[in-house]
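> predicted structure and sequence below. I'll ask about it afterward.
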Amino acid sequence: MKIYGDMISPFVRMTIVTAHEVGLGTRIEHVVEAVKPTEVNAKLSSLSPIGKIPVLETDHHHGIYDSRVIIEYLCHVAGNSTLIPDDGVKRFRVLTLQALGQGMADAAVAYRYETAARPKGLQWEDWISRTMDRQHAAFDELESSWMELLSEVNAGSIAVAVALSYMDFRLPDLHWRNGHPKLGHWHAAFSGRESMVKTALTQK
Ligand SMILES: N[C@@H](CCC(=O)N[C@@H](CS)C(=O)NCC(=O)O)C(=O)O
């Protein structure tokens, strides 16, 4: 199995952290593939018409995307039913927490494209401000309502941990720890997991 993508992408990192957590770290070949939102990447496009990272190529050369489906596929291959519980209330709590982490990552990546890639004169200030409000609402909600589920290792806690690490790397001025002490402590502890250490971001 191959996972294509650049580890700086929080979506790519979520899939590789998951691979380590379910014991598939050595079965996955990570193929570094960078993307630009305005350019076609021929290799990725042959596996996914959407052309975003990550894409997983199965041993039978099928493309699997996006990151949520890849994560579910990895759990399936590993026979793991703790990262995404099989059924019941817990399953939908975990999936909602995962959607929250993914939503934060989506907003952070879109913010990055808008502010770092788009020419200054074309940037949309109202959109930038709304995107930041979304992030702050998410930090508040995590601090007040999700600490119990975050204390477990599941698809939700992985998504949130990776999204916050991406913000540390790309958007340090957000200062998400301010006013969110429980979240800050939790993130520091989660970042010490082997899966997070092995995928840590080292380059700018
Ligand atoms: N919903 C997708 C989002 C993936 C995504 O946005 N990837 C970005 C990199 S972080 C990308 O490939 N951008 C290139 C583009 O937009 O063409 C997932 O979860 O995999």
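Yep, it's here. All figures in this text were calculated on a predicted structure; none of them were measured in a lab. Numbering: from 1, shown residues only.

> residue ranges of the helices in the chain, please?
10-21, 42-47, 67-78, 88-112, 125-145, 147-150, 155-170, 181-190, 194-198 (DSSP state H).

> ranking these by mean pLDDT, which is last?
Among the helices of the chain, helix 42-47 carries the lowest mean pLDDT, at a mean of 92.

> now that one, how far from the centre of its chain.
Relative to its chain's centre, helix 42-47 lies at 21 Å (Cα atoms, centre = their mean, to the nearest Å).

> name the residues of that helix that are buried.
44, 47 (16 or more other Cβ atoms under 10 Å). The C-beta positions use only the backbone N, C-alpha and C, and glycine is treated the same way.

> stretch 22-31 too?
22, 24-25, 28, 30.

> swap in stretch 76-90?
Neighbour-count burial for stretch 76-90 [16+ other Cβ under 10 Å]: 77-78, 83-85.

> let me know the closest of these to the ligand.
residue 84 (14.8 Å; Cβ to the nearest ligand atom).

> nearest spatial neighbour of the closest one, skipping sequence neighbours?
Closest residue in space to residue 84, ignoring its immediate chain neighbours: residue 155 at 5.0 Å, by Cβ to Cβ, 6 or more residues apart in numbering.

> is it true that that neighbour touches residue 99?
No. Contact criterion Cβ atoms under 8 Å: residue 155 and residue 99 do not qualify, at 9.8 Å.

> okay, the two: which has more neighbours?
Between residue 155 and residue 99, counted using other Cβ atoms under 10 Å, residue 155 has the larger neighbour count: 27 against 15.

> next up, the contacts around that one.
Each residue near residue 155 by Cβ atoms under 8 Å, 6 or more residues apart in numbering is listed here: 18, 68, 71, 75, 83-84, 94-95, 97-98.

> same thing with residue 55?
If you count contacts by Cβ under 8 Å, 6+ apart, then residue 55 has 3-5, 44, 47-48, 63-65, 70 around it.

> identify, from the residues you listed, the entry nearest to residue 14.
Closest approach to residue 14 among these (Cβ to Cβ): residue 70, at 8.5 Å.

> ok, now how distant is the residue of the chain positioned farthest from its centre from residue 132?
Each residue of the chain has a distance to the centre, and by Cα atoms, centre = their mean the biggest one is for residue 121: 29.8 Å. Distance from residue 121 to residue 132, counting by Cβ to Cβ, to the nearest Å: 20 Å.

> show me what from this protein comes close to the ligand.
9, 11, 35, 37, 51-54, 66-68, 109 (Cβ under 6 Å from any ligand atom).

> can you name the two of the residues you listed that sit furthest apart?
The widest separation within the residues of the chain next to the ligand (Cβ to Cβ) is 19.9 Å, between 37 and 68.

> looking at those two, which is more packed in?
Taking other Cβ under 10 Å, residue 37 and residue 68 do not tie; residue 68 has more neighbours (18 against 11).

> what's near enough to touch that one?
98, 102, 155.

> understood, closing this out.
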